[in-house]
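In: how would this look folded up:
(2 chains)
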Amino acid sequence: MEEVASLMQGFSIALTPYNLALMFIGIVLGVIIGVLPGLGGANGVAILLPLTFTMPPTSAIIMLSCIYWGALFGGAITSILFNIPGEPWSVATTFDGHPMARKGQADEALTAAFTSSFVGAFVAVVVITFLAPIIARFALKFGPAEFFSVFFLTFASFVGMGRGSPWKTVAAMALGFALAAVGMDGVTGQLRMTFGYDQLLNGFDFLIAVIGLFGIGEILSSMEDGLKFQGSQAKLRLRVVLTTWKKLLAYWSTSIRSCIIGCWMGITPGGATPASFMSYGLAKRISPRGNNFGKGEIEGVVAPETAAHAAGTSALLPMLTLGIPGSPTAAVLLGGLLIWGLQPGPLLFVEQKEFVWGLIASMYLGNIVGLIVVLTCVPFFAAILRVPFSIIAPVILVICAIGAYTVNNNMFDVWMMLVFGVVGYVFNKLQYPLAPLVLAIVLGDKAEESFRQSMLLSQGSLNIFWANPLVASIMTLGLLMLLWPLASSLRARFGASRSATA
Amino acid sequence: MHFRRTMLRRGLAGAVLASAALLTGAALPAQAWEPTKQVTFIIPAGTGGGADQMARFIQGVVGKHNLMKQPVVVINKAGGAGAEGFLEVKKSKGDAHQIIITLSNLFTTPLATGVPFNWKDMTPVAMLALDQFILWVNSDTPYKTAKDYIEAVKAGDDKKFKMGGTGSKQEDQIITVALEGVTGGRKFTYVPFAGGGAVAVQLVGKHVDSTVNNPIEAVAQWRAGSLRPLCIFDDKRSTYTTKVTGAMAWSDIPTCKESGVNVDYQMLRGIFMPAGVTKDQVAFYVDLFKKVRETPDWKEFMEKGAFNNTFMAGDEYAKWVEAAEKRHYELMKSAGFLAAGK
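Out: Numbering: from 1, shown residues only, chains lettered A, B, ... in the order given. Reported below is the predicted structural model:
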């Protein structure tokens, strides 16, 4: 139980009034950063990084990691209230979170999201505390083929999820892949589909697509419905936290599954975004109420939020022990470590004990502080929906535009966002699902890159995906997921015909 | 009110400067220029990479030591292998409140993609340092020297050995192609990854056979005993003699030439600004970076990353850049990496 002693020492480092104040500041800043779409955790941390150079390293990382926790919490707020995911991993939260808000249950959805985030993050911190050295070795087993298998599994667990025609899902996904391919091709170093326009060098940033598709598309649809915002019947219930917690207890198995998915994806490091999608897809498959997913099911908020936070938190583990960042924000924190004179890597746990355990202790404390801060604000956040739509819509529009601009400091992106808004509206009208499109934009280029790296390594042989037990089992799992809808429909038909003959 | 106060402060600063000039008798230019609003520091690469780290470090040092009255704002413009950032500087002609840090993509990106920009579209300010490259293998392999490894590549099948690197048709692949000049016709399978840290970990996990990581990207794995440096791609050994691992310092790594592998390559970490700026404006930044380089923080940063701590400005720097461009053109031409029409 050497870890417990070290952890207690860590608490003694983290629990100074100065550090607690920094935690509080970090969480509040993080929530604001998470709420503003486009700013994002990575940008927020990068902007504030130079301010921390005069602080002791332990205090600096406590504040920056609290910004990170805050941004993780904050991302859920706009997803639920306005259907605008501020972060890639909040996209899956909108699927059921926003319908809940429209039904007047914004406060329940927010409570569920925050609580799940906390549970996911907390489990991941416990994992980091006790299993760090063992699990860190596991990440080394991940080469390009293994990464591809994880992306494949994510896509596979998502196929057949759309309520509409499966062909529409495939069409939307294919469009997403095409958009993801625009810009620099990392494997050949050539530009693709930019048609000589400098503006397209960057490709289609996921955030701009999402702000447009979800945020602007939603506003357009609401305008058509006569400026009537369905969330307006949101009640102000102060006891909502307690009543929601009672409901959440019923979803313990979803929570555990999502924690496992999240920790695994954070460590490998697949990242929080695939984790949230995969967890949502699985919950929909497994839940007895799966058919109600997408219409405002609380379990559909629990699953992605738990997984995203478990992944976001455990992503710090490969960063500390191997120096590989599991997320863009972790990459910026990694840069920070170097600047503060700390060398992330296998020796960090040996040489900088005080720093590492101070950080781990601050993860526990930061998440508790964060949960308290955001939960006390739930009625306030929910009350935003009571503001008349004709006032709130222009505000959302301005926030979206600022968000889109902030991503690359580029005016072109704002126009792009408006175009995506129209696309989102048209998709809604024609009943094409947006989720597969977004998933393909987010993960399409990464999946392509790891596939082509694998092909380079194997010199064109597909056997690389079955070359060792690890990659083979993930691929097989992916194939099973892919064939599941087909198999279940066959079984249904077979079962039906048998009962007909009987 | 605020306006008047700043005017007053500026007046005061001017007076102090003037009296300082009188006291020291130094011939200051009549009106030394300094930024009047925030300075935008562009990074033509993503967050978390080597250029990003250096730029944000500089931003921190400038703030910590109060080296400039106006704030520095760092933004990443990584699109199209950095083309986005360089195009931004190119179109901001005459804007003295914009600076950019460079990687080798200053030369390689326009050559490989044909995106229209060139260092001559900008004003060279100063070279801050040269980043080194080292040939690394996994420490479980039997190769003790660069010669051992190259012999093994020669003896193996074509494309059997896998080289991991950052980006495509950029510095890592250029070095790989240069290495193929001494492997007796055997080629490497070059596998591009997104970032240097990921490349080092792929080598630790034995998914590739070797890398040419920058020192700072692989040092943690070296110290942990997972990786072994074979040689440094410079004509002189590193000057840092403090022990990094139990047994070795950066200066103990032989040059590739010493090991019979006649390849050298270093990467520019330098500063440029838009074209059409005045001499005074350039002089301000040259002076600023001189001050940055004098801080203890900078010295520590250089040692940690085993940088070649060379400083150049003015004509000397412009000449260096011109020669480097020529060299990249030749290297890329012989590797077949040039875009059509280049």
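In: now the strands for chain A?
Out: With DSSP state E, the ranges of strands along chain A come out as A:183-185, A:190-192.
In: and the contacts of the first one?
Out: Right, strand A:183-185. Strand A:183-185 is contacted from outside by A:190-194, A:200-204, B:79-81, B:113, B:168, using C-beta atoms under 8 Å, 6 or more residues apart in numbering or on different chains. Where C-beta positions appear, they are placed from N, C-alpha and C, glycine not excepted.
In: how close does the residue in the stretch 1-150 of chain A that chain B sits nearest to get to residue B:193?
Out: With C-beta to the nearest C-beta as the measure, residue A:143 is the residue of the stretch 1-150 of chain A nearest to chain B, at 3.4 Å. With distances taken as C-beta to C-beta, to the nearest Å, residue A:143 is found 10 Å from residue B:193.
In: and residue A:190, by the same measure?
Out: Between residue A:190 and residue B:193 the distance is 17 Å, computed by C-beta to C-beta.
In: phi, psi for the residue of the stretch 1-150 of chain A closest to chain B please.
Out: The phi and psi values for residue A:143, taken as degrees, to the nearest 10, are phi -100, psi -170.
In: what's the burial count for the nearest residue to it once chain neighbours are set aside?
Out: Leaving aside its chain neighbours, residue A:143 sits nearest to residue B:207 (3.4 Å; criterion: C-beta to C-beta, 6 or more residues apart in numbering or on different chains). Neighbourhood size, residue B:207 [other C-beta atoms under 10 Å in any protein chain shown]: 24.
In: ok, residue B:207 touching residue A:457?
Out: Yes: under the criterion of C-beta atoms under 8 Å, residue B:207 makes contact with residue A:457 at 7.1 Å.
In: so what's in contact with the two at the same time?
Out: Both residue B:207 and residue A:457 are in contact with A:143, A:144, B:162, where contact means C-beta under 8 Å, 6+ apart.
In: count the residues that sit near the last one.
Out: The reference is to residue B:162. Counted with other C-beta under 10 Å, residues neighbouring residue B:162 total 20.
In: where's the residue of chain B found nearest chain A relative to residue A:435, distance?
Out: Per C-beta to the nearest C-beta, residue B:220 is where chain B lies closest to chain A, at 2.4 Å. Per C-beta to C-beta, residue B:220 is found 39 Å from residue A:435.
In: same check, this time on residue B:95
Out: 43 Å.
In: more crowded one of those two?
Out: Remark: of residue B:95 and residue A:435, residue A:435 carries more neighbours, 23 against 17, as counted by other C-beta under 10 Å.
In: for that one, which non-adjacent residue is closest in space?
Out: In space, and not counting its chain neighbours, residue A:435 is closest to residue A:95: 6.6 Å by C-beta to C-beta, 6+ apart.
In: count the neighbours of the one you found for me.
Out: Residue neighbour count, defined by other C-beta under 10 Å, stands at 26 for residue A:95.
In: show me the contacts for it.
Out: When contacts are counted by C-beta under 8 Å, 6+ apart, residue A:95 touches A:280, A:293, A:294, A:300, A:304, A:435.
In: how about residue B:107, what does it touch?
Out: Counting by C-beta under 8 Å, 6+ apart, residue B:107 has contacts B:119, B:324, B:325, B:328, B:329.
In: make sure I have this right: it is in a strand.
Out: No: assignment of residue B:107 by DSSP: H, G, I helix; E, B strand; the rest coil gives helix, placing it outside any strand.
In: for the stretch 51-200 of chain A, give me the ranges with low pLDDT.
Out: Under the criterion pLDDT under 70, the flagged ranges of the stretch 51-200 of chain A are A:133, A:136, A:160-164.
In: enumerate the residues of it near chain B.
Out: Contact residues (C-beta under 8 Å from any C-beta of the partner chain) of the stretch 51-200 of chain A with chain B: A:51, A:53-54, A:139-144, A:183-191, A:194, A:198.
In: show the buried residues in those residues.
Out: A:53, A:139-140, A:142-144, A:183-187, A:189-191, A:194, A:198 (16 or more other C-beta atoms under 10 Å in any protein chain shown).
In: no further questions, thank you.
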